[in-house]
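In: The amino acid sequence is not available; the structure is as follows:
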């Protein structure tokens, strides 16, 4: 092995000597001038060849020195030298000679204190390669004998040129032991310090030693060694064990005196070997990375103690991110760190790069801290980053630094080409930082921080552009690090320094790409969520739809089965004790229900259904769409009890909730009647406050209410009467197990519209107004209207009615007189005459003119009846065309009377006329506000025959239950004959019928629609006393007439409680006389809002009933209003209409009186 070392040293000496010889030959050739026949010969080609050979040898020498100077040769023990043959290619020691220092699991006996002390001294000597005893201890302890360096013969002329780069000689680069410690070699004599560098080199002084005493360095070309080829560094713990005195001298001068510099260098320099192969590096990496602490001395002999050496605090200033090489402080620091200047320079470059990138104007560097940082130790005051990096205080923070080619397994720094496998280390030599910082401007994907070269740190850490460690680690060497840190931490400071624009551009691009990627990812997630939601919703919708279809099909089948049973047993049911379940539900479409205000009160306008208990065989269960207070319950209880009174009573009594209905409680035999009706409120009424669900739907979701109703009808004959048909009516009837007296919902939707009603009337051969139904397009509307106007020149107003209009809200009108060609058209009609006008050729000119003017005429003069729902014609037209409608003529007369007839289409096929009355209108003639019963405007027999025909047509279309027919009568202006037009058909229980039930209950009378007579029983005192006692007998009945107001609105009513209201009415003489069966009765709708009510006035004839009705409205309005607060009401319009009706009655009676 020693022969191999000697051959390697001889090879190095040969390479150096060949370089020197080539240099001398080059200098000698340059001074030779050859004259051949008087000409000078140029030997530039020879000089070029020598220069090329010199460069080649220099490169080979540098490569050789790199290999030799960067790896320590670990030799096997002396005992096994002869047994094992070393392999020069691998240069690895026999691992069997290294003792196993792994902790033993079993119990072990520790060493004595003396042995521990000796071991510590030995390790201190081993850590100090400059100590004279180091070589002996290594030889004695580990069996490693360092070779003696041979003196090189001959002198070499140093080229007179300044070498740029590191001030380190070619051989000085191999002093890894000296570079890793702060021990300096023995200074040369005083006379040599005044000599120049060539003289020092000729005297054998080491290059680095000479460099300390000379600022003008002119050595031969030396290679710049990278940090990654360094073999080892001292740690902070080793530095603390040294003597703080930097001027250390050898305690044994005999070891240094009397020896030449070559001997001194040979004795102090360590032995270097070529780099180990990949196989040896893998096998030795686990041992090498742990350092000398894994070695156990073979001979634990006590060695003399060494005196530690410390470092002085050398500081210098960095201005604008660059250090001044001419600064005395910097030069002094540079001279002090000449042996490890390459390591210091790397850290200094990283620090300067950091300062330039952050535009730091001034930074004061602590030389001692910088030196410690360069040697791989921690710096006091630094920040130890958890999970990665170096321990700034000498320890290990979550994984230390791999200084000898190992793997930073816990997140340290890989300084020798290793791979930072985890954590947040930095890859300085081309390794892959899987979770650390990107040093070349990349993107730190995890564990990063700020990217100082333009990269983007995604999560923490830093990119220092070639430095080792984080920003805090580099700034820890500054004396003014607090000020610098505040400047570096300032937002945007990175972009004000060197490479700021590039970093900003990279940051913007990275942020923009990140934003685009994030936006695309979020969009993808949203689309995925939307697709999943839609798919799930569609699956649930399909499943629920199939389930609903199946359940509704079952409900319909059960409805048809029960309807057949009801038709068979109807007569028996009518003659026996039965229970009627009244559900006043308005099954309009969802859009219509949402457009109506106070929808629950609209459904409760028919509380008069309770009065059907006037039949002793009938029990009533009324499902209320609003919660009734005790005042309303008490009021209707006492009101219904009046039908069982005797002939005696209190005159002028007002039925109120506070006085027992105006009846003496001592003589009231009406207790059983109050037990034959029940008012029930669905328990789910408050669960859907904003949905405006119809009453049937709410009752469907009220299981407790349904259970209670089943209990009440158990064992009795019962059937259900609804309102406007809805599919949930079938579900409720099926849940209760009772038949429904009404049509199927699909049939009701078909024939309950304006177009469907005209179909029924046409099939019943009933006269209908001129018009057309099922209009769904604007062109069709214009063409049909022009044709109707041309054909019926006598019509002055045309009406537009939506198919699903409610209470006149879906009605508009337009007068023909607004047409510009109206006068011309009338002249054309007069010229041709009524007989010829029926021909198409006579109408052609007028039709063409009408087609051109109808669109503009409608847009200018068409007016909706209810402006609150449809403020303009365009709004009405869009809704009209969307749901379809009819165009029909308004009766061509100044005096038009509308009638409402209520029919009962019995399941057994019979038609019964229950009620008939003349309509009362409010502010518009097209909106019904009340009626007078019985009607007197039409011949009863003719009216009855027409209504029966309509009923038969409905029965033929499977329509049963309660039906309301609207008709109009007037005198034809040409023939002066009374005409009767069928206008509308409602397949539901009407409000007029509900008020009629209250009227019949209060009077105890009967209504005969065939004769239009309302007869009530009277007492004997009602007739006048006769002059002769033997006169005719007194009649037992008397005729009466009633005025009904279904919905009287006044906003000021809500401010008056019902008890106060009835006291006010009693004071004004508004009440009902139970003795004379005439007076006023009110129907209350709710206990909370109280802005609407119903009123019935009963008189001897229609005139007196209307006078009482108008007087009551006027008195109530005056009592609850003030001049400054009139409120919103329909009282005034109704009073004006009553005045007109009274005037017509007076006009008709005048000729009769004269006759």
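Out: Arrived safely, thanks for sending. Remember, predicted model here, so these are calculated numbers, not experimental data.
In: State the helix or strand in which residue 931 lies.
Out: Using DSSP states H and E, residue 931 sits within strand 928-933.
In: Sheet-wise, list the partners of that strand with their directions.
Out: Using DSSP bridges, the strands paired with strand 928-933 are strand 911-921 (antiparallel), strand 1041-1049 (antiparallel).
In: Residues contacting that strand, please?
Out: The contact list for strand 928-933 (C-beta atoms under 8 Å, 6 or more residues apart in numbering) reads 807-808, 898, 900, 915-922, 992, 996, 999, 1007, 1014, 1041-1048, 1102, 1105-1106, 1109, 1130, 1133-1134, 1137, 1141. Quick note: C-beta positions are derived from backbone N, CA and C, even for glycine.
In: Find the residue ranges of the stretch 51-200 of the chain scoring beneath the pLDDT cut-off.
Out: 64-112, 146-200 (pLDDT under 70).
In: swap in the chain?
Out: Regions of the chain meeting the criterion pLDDT under 70 cover residues 1-12, 15-16, 26-43, 64-112, 146-313, 377-469, 643-674, 1019-1035, 1149-1155.
In: Please repeat the previous calculation with a cut-off of 80.
Out: By pLDDT under 80, the weakly predicted segments of the chain are 1-118, 120-121, 124-135, 138-313, 376-470, 641-674, 1018-1036, 1147-1155.
In: for it, which helix is longest?
Out: In the chain, taking DSSP state H as the definition, the longest helix is helix 500-568.
In: Which strands or helices does it pack on?
Out: strand 450-451, helix 727-736 (3 or more C-beta pairs under 8 Å, 6 or more residues apart in numbering; DSSP states H and E).
In: give me that answer again for 7 Å
Out: For helix 500-568, the packing partners by 3 or more C-beta pairs under 7 Å, 6 or more residues apart in numbering; DSSP states H and E come out as helix 727-736.
In: gap between residue 140 and residue 126?
Out: Distance, residue 140 to residue 126, by C-beta to C-beta, to the nearest Å: 11 Å.
In: quick one on the thing from earlier: okay, angle between the longest helix of the chain and helix 727-736 too, please.
Out: Angle of helix 500-568 versus helix 727-736, following axes from the mean of the first three to the mean of the last three C-alpha atoms, to 10 degrees, is 60 degrees.
In: Going along the chain from helix 500-568, find the next helix or strand for me.
Out: Sequence order places helix 570-575 as the next helix or strand after helix 500-568, per DSSP H and E.
In: Just checking, which helix or strand succeeds that following helix along the chain?
Out: As assigned by DSSP H and E, the chain's next helix or strand after helix 570-575 is strand 578-582.
In: Now do the buried residues in whichever helix or strand comes after that following strand.
Out: As assigned by DSSP H and E, the chain's next helix or strand after strand 578-582 is helix 590-595. Neighbour-count burial for helix 590-595 flags 592-593 (criterion: 16 or more other C-beta atoms under 10 Å).
In: before we move on, back to that, determine which stretch of the strands paired with strand 928-933 is the most buried.
Out: Across these, the average number of neighbours (mean count of other C-beta atoms under 10 Å) peaks for strand 1041-1049, which reaches a mean of 25.
In: residues contacting the closest residue to residue 795 other than its chain neighbours?
Out: Distances taken as C-beta to C-beta, 6 or more residues apart in numbering put residue 889 closest to residue 795, at 4.2 Å, once the chain neighbours are dropped. With contact set as C-beta atoms under 7 Å, 6 or more residues apart in numbering, residue 889 has these partners: 769-771, 792, 795, 798.
In: Name the nearest of the residues you listed relative to residue 19.
Out: residue 798 (120.9 Å; C-beta to C-beta).
In: separation between that closest one and residue 813?
Out: Residue 798 is 7 Å from residue 813, where distance means C-beta to C-beta.
In: Find residues that contact each of the two.
Out: With C-beta under 7 Å, 6+ apart, residue 798 and residue 813 have common neighbours residue 890.
In: higher neighbour count, the two?
Out: The residue with more neighbours, out of residue 798 and residue 813, is residue 798; 23 against 18, by other C-beta atoms under 10 Å.
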